[in-house]
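Chemist: sharing a sequence plus its predicted fold:
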Amino acid sequence: MPTAVQVVRPGGPDVLEIAEVEIAGPGPGELLVDVAAAGVNYIDTYQREGIYPIPTPFVPGLEGSGTVAAVGADVTGFTPGDRVAWQGSIGSYATRKLVPAEVAVKVPEGVSDEVAAATMLQGVTAHYLVASTYEVKPGDDVLIHAAAGGVGLLLVQLAKARGARVIGTVSTEEKEQLAREAGADDVIRYDREDFAARARELTGGEGVSVVYDGVGKSTVDGSLASLKVRGLLALFGAASGPVPPIDPQRLNSGGSLYLTRPTSAHYVRTREELDWRATELFEAVTDGALSIRIGGRYALADARKAHEDLQGRRTTGKLLLLP
C-alpha cells in the first residue's frame, strides 16, 4: 500500500503522521503517478492548522512531480512512463497519487523531477503575479517581501527579467546575499530599518508601483505605505498571520491605492493558461534564465520538520519531500 503523510486533526506540525493509504486505479480523467518529489508550501500549513478547513484525515501537498504509472479512461496526451508535474491537486505528500490530467503538465527533457516539483506552485504564483496581477514593465519600481524565500527568489528573477528595478526585503545577511544574487537592485533588512521609509527613500519619495506581499499581518501596513499614488498591493500570502480587515478609506488616503488578494486557481482556469505559464517557466529554467533554488530536502517521515523549518523562517528557496 502507498505511504503518505496525513493530517489527523487541525493543529501544529505534530498532527502530521505517516500512514498507509489505499489508492484505487485511475478513474476517467485521472493519472496514477509514482511521486518523485512533493513541494512544501505555506498553504499546506494553513490547511494543516485549519485556517483553510479541510475534513480530516487528509493528505496535504498541492504540488509534485513523478512518473505516470497508469492512465484513466478518456485521458489524452499522457501515457504510462511520462514524467509529469502538477499544482493545485491535494494529496501530494505520498509515494503514489491520483492526479487530475487537467492540472498535469509534461516535464521537458533537461528539467529534473526535483526542479519540476519546485517550479510548479511557487513558479506559477510568481508568473501570474508579474505577468497578470500586475504586469511588470521596464522602469517599474517593485517591492518584494521575503525576497530570499521560495516565491521571493522567483519573483526577483522574473521581475528583473521584465526590466523592473527590484527592491527586496529580508531578515538576515545570508538572505540578503541570496536576494542580490537573484538580481535584486536594493535589499532592505526589515529587522534593522523601516522598510516603507527606506522604499520611499530609494524611489525619491514616490513609492513603488507594486508590492508583492506573501508575509501578511506584520507587513501589510508598511506595504500600503510603500506604494506610490495608484500603486497596487498584491497580498498573496500570510506567513505572519491573517491580515485584519482593511478600511477602504485607507486606500483612498494612501493615494487611490489598489488591493488584491490573488490565488493560483483563478490564474490557471483554462488548460491554455496553465500551459502558457508552465511552458514559460520550464523554458526559462532550461535556458538558464530562471534558477530554482532547492533549500531543503526531507523524507516523508520528516514532514513535521519541514513544516517547522518553513514556519520558523529557517529556510530559503524551495522545500521538497522526497518519497
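Modeler: Right, received. Where do you want to start? All values derive from a computational prediction rather than experimental measurement.
Chemist: centroid-nearest residue for this protein?
Modeler: Gln122 (2.6 Å; Cα atoms, centre = their mean).
Chemist: from Ala289, how far out is that one?
Modeler: Per Cβ to Cβ, to the nearest Å, Gln122 is found 16 Å from Ala289. Backbone N, C-alpha and C define where each C-beta goes, glycine included.
Chemist: the spatially closest residue to Ala118 that is not a sequence neighbour: which element?
Modeler: In space, and not counting its chain neighbours, Ala118 is closest to Lys318: 4.0 Å by Cβ to Cβ, 6 or more residues apart in numbering. For Lys318, the host element (DSSP states H and E) is strand 318-321.
Chemist: give me the neighbour count for Val105.
Modeler: 24 (other Cβ atoms under 10 Å).
Chemist: what sits against the residue nearest to the centre of the chain?
Modeler: The contact partners of Gln122, by Cβ atoms under 8 Å, 6 or more residues apart in numbering, come to Gly39, Asn41, Gly150, Val151, Leu154, Lys318.
Chemist: between those, which sits nearest Val229?
Modeler: For the contacts of Gln122, the closest approach to Val229 (Cβ to Cβ) belongs to Val151, at 26.7 Å.
Chemist: my guess is that closest one contacts Val215, does it?
Modeler: No - the criterion here is Cβ atoms under 8 Å, and Val151 misses it with Val215 at 10.7 Å.
Chemist: list residues touching both of these two?
Modeler: Gly237.
Chemist: hmm, back to that, pick the one among the contacts of Gln122 closest to Asp74.
Modeler: Gly39 (27.7 Å).
Chemist: which residues touch that closest one?
Modeler: Counting by Cβ under 8 Å, 6+ apart, the residues that Gly39 touches are 61-64, 87, 92, 117-118, 120-122, 318-321.
Chemist: give me that answer again for 10 Å
Modeler: 61-65, 85-87, 92-93, 114, 116-123, 150, 294, 318-321 (Cβ atoms under 10 Å, 6 or more residues apart in numbering).
Chemist: domains for this structure, by residue range?
Modeler: Per automatic domain parsing, the structural domains of the chain span 3-121+277-321, 138-261.
Chemist: now the longest strand anywhere in the chain: mean pLDDT?
Modeler: As assigned by DSSP state E, the longest strand anywhere in the chain is strand 30-40. The average pLDDT within strand 30-40 is 98.
Chemist: and it, which residues are buried?
Modeler: Glu30, Leu31, Leu32, Val33, Val35, Ala36, Ala37, Ala38, Gly39, Val40 (16 or more other Cβ atoms under 10 Å).
Chemist: would JSON lines of these with distance to Val211 be doable?
Modeler: Listed next are the buried residues of strand 30-40 as JSON lines, based on distance: Cβ to Cβ, whole Å:
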{"residue": "Glu30", "distance to Val211": "39"}
{"residue": "Leu31", "distance to Val211": "38"}
{"residue": "Leu32", "distance to Val211": "42"}
{"residue": "Val33", "distance to Val211": "37"}
{"residue": "Val35", "distance to Val211": "35"}
{"residue": "Ala36", "distance to Val211": "35"}
{"residue": "Ala37", "distance to Val211": "31"}
{"residue": "Ala38", "distance to Val211": "30"}
{"residue": "Gly39", "distance to Val211": "25"}
{"residue": "Val40", "distance to Val211": "25"}
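Chemist: those residues: which two are farthest apart?
Modeler: Glu30 and Val40 (23.7 Å).
Chemist: still on that earlier bit, what secondary structure does the residue nearest to the centre of the chain sit in?
Modeler: Following DSSP: H, G, I helix; E, B strand; the rest coil, we place Gln122 in the helix state.
Chemist: if I look at it, how far off is Ser89?
Modeler: Distance of Gln122 to Ser89, computed by Cβ to Cβ: 15 Å.
Chemist: do the same with Phe78
Modeler: Distance, Phe78 to Ser89, by Cβ to Cβ: 14 Å.
Chemist: now Gly72
Modeler: 14 Å.
Chemist: identify each buried residue in the host helix or strand of Leu154, please.
Modeler: Assigned by DSSP H and E, Leu154 belongs to helix 150-161. Of the residues in helix 150-161, those buried under the neighbour-count criterion (16+ other Cβ under 10 Å) are Gly150, Val151, Gly152, Leu153, Leu154, Leu155, Val156, Gln157, Leu158, Ala159, Lys160.
Chemist: ok, now which ones touch the third one?
Modeler: This means Gly152. If you count contacts by Cβ under 10 Å, 6+ apart, then Gly152 has 122, 126, 144-146, 168-170, 175, 178-179, 182, 184, 212, 214-215, 316-317 around it.
Chemist: which stretches of the stretch 151-300 of the chain form strands?
Modeler: Taking DSSP state E, counting those that start in this stretch as the criterion, the stretch 151-300 of the chain carries its strands at 165-170, 186-189, 208-213, 227-235, 258-260, 294-298.
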